[in-house]
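Trainee: predicted structure and sequence below. I'll ask about it afterward.
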Amino acid sequence: MTITELKKMMIKAKKEDKTKANALMMLVDTAQKLAKEKNEEVTEKHIIEAAKKLAKMAKESIEAGMEEAKKELAIYEEFLPKMLNEEETKKVIEEIINEIGGKNIGEIMKRLKQRGDVDLGLANKIIKSI
């Protein structure tokens, strides 16, 4: 997904769904700020990073009792990579342990973070249980 495609989605959503339009506007703005901080052009990496950041904020809003944040969260999650389930995460962790020849938690977490499709909280629990 490019920033141009995201902006087109935002313009289309303005006519149909104000909540979605606002969520997409926040996503565009956050992705542009993240790219600007690094002196880079906006890429899909920035959009995903922005979606992660905004999804986290939406989850916090839901916990605080703001029900409308559920719709925003669903919108942001559309831009996130599919996360591995517990079984898939355990398999990846075991492969990394075999690859590095040990249980260096820091190195395992570093490699998992690079993948971007692993829930690091879940991974940490799995590593501790191994």
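Mentor: Arrived safely.
Trainee: ok, residue 46 to residue 129 distance?
Mentor: 34 Å (CB to CB, to the nearest Å). Where C-beta positions appear, they are placed from N, C-alpha and C, glycine not excepted.
Trainee: those two: which is more packed in?
Mentor: residue 46 (21 against 7; other CB atoms under 10 Å).
Trainee: most centrally placed residue in the protein?
Mentor: Nearest residue to the geometric centre of the chain (CA atoms, centre = their mean): residue 52, 3.1 Å.
Trainee: quick check: which element contains it?
Mentor: Using DSSP states H and E, residue 52 maps to helix 44-63.
Trainee: tell me what that helix is packed against?
Mentor: Judged by 3 or more CB pairs under 8 Å, 6 or more residues apart in numbering; DSSP states H and E, helix 44-63 is in contact with helix 3-16, helix 18-37, helix 69-77.
Trainee: if we use 7 Å, what do you get?
Mentor: helix 18-37, helix 69-77 (3 or more CB pairs under 7 Å, 6 or more residues apart in numbering; DSSP states H and E).
Trainee: what's next to it, contact-wise?
Mentor: Residues outside helix 44-63 that contact it (CB atoms under 7 Å, 6 or more residues apart in numbering) are 1, 6, 26-27, 30-31, 34-35, 69-70, 72-73, 76-77, 79-81.
Trainee: can I get the buried part of those as one PyMOL selection?
Mentor: Here is the PyMOL selection string for the buried members of the contacts of helix 44-63, based on 16 or more other CB atoms under 10 Å:
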select buried, resi 6+26+27+30+31+34+35+69+72+73+76+79
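Trainee: ok, which of the helices and strands packed on helix 44-63 comes nearest residue 12?
Mentor: Judged by CB to CB, the one of these that comes nearest to residue 12 is helix 18-37, at 8.5 Å.
Trainee: many thanks, I have nothing further to ask.
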